[in-house]
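[1] Have a look at this fold, sequence not included:
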């Protein structure tokens, strides 16, 4: 299929010529009708229901194609799906790494909690275990309840997700977001403090309150740094 790369390509479109819009894995079918009669920065296309739709010229560039085949469309959808799978695998890998780090931290936090609790109920000595404290006067139920509360408080502080109620991103860019059920990669516009499906115009903004939390998309250098020890071991084996 042939992409529309510039305004000249649009000017060369013929009336009733077929074209498709490829956006976020979806394919929309149109036929070229004409330039807008009162504003030459817009064109009129007919959608699959034969309804006229006004498009800003620059929004067509780079995402609309002519001379396409069914194979081209299937290939586009396949490539987009593979890209999303790759992105999700990377995101899951990051979550797994955070989980491993968190597991070690949980063990350390549990030991620290045990020591501080023992020390807080000790009278004349510094204990390292509640069992060492004579006549501590605490039931197992109370210990379990206090431990659960402390664990929940600690866990809440460890989540990599940033609540939009806490703060919004400070820079433009792509972020991983969730509405509580679905996880997606979207673009954030600092100018309007809004998330959109994509950076490209026209912007499809999310309604306020839909997105609950976000995390920055990890960059290659960050992934490389996090896996530096693994790469070093691979290099040593190769040598």
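    Yes, it's here. As the structure is a prediction and not an experimental result, all values here were calculated from the model.

[2] Look up which helix or strand the closest residue to residue 183 other than its chain neighbours falls in, please.
    Once flanking residues are discounted, residue 183 sits nearest to residue 176: 6.3 Å by Cβ to Cβ, 6 or more residues apart in numbering. To be clear about C-beta, it is placed using only N, CA and C from the backbone, and glycine gets the same treatment. Applying DSSP states H and E as the criterion places residue 176 in strand 173-178.

[3] Just the residues contacting that strand, thanks.
    91, 161, 169, 183-188, 195, 199, 211-217 (Cβ atoms under 8 Å, 6 or more residues apart in numbering).

[4] Quick one, which of those are buried?
    Using 16 or more other Cβ atoms under 10 Å as the burial test, the contacts of strand 173-178 include 91, 169, 183-184, 186-188, 195, 211, 213-215 as buried.

[5] Adding secondary structure, pLDDT and distance to residue 62 as columns, could you present those in a markdown table?
    Shown next, in a markdown table, are the buried ones among the contacts of strand 173-178 (DSSP: H, G, I helix; E, B strand; the rest coil; pLDDT from 0 to 100; distance: Cβ to Cβ, whole Å):
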| residue | secondary structure | pLDDT | distance to residue 62 |
| --- | --- | --- | --- |
| 91 | helix | 72 | 26 |
| 169 | coil | 92 | 25 |
| 183 | strand | 85 | 27 |
| 184 | strand | 87 | 21 |
| 186 | strand | 91 | 19 |
| 187 | strand | 92 | 15 |
| 188 | strand | 94 | 21 |
| 195 | strand | 93 | 22 |
| 211 | coil | 91 | 26 |
| 213 | strand | 91 | 31 |
| 214 | strand | 91 | 26 |
| 215 | strand | 88 | 28 |
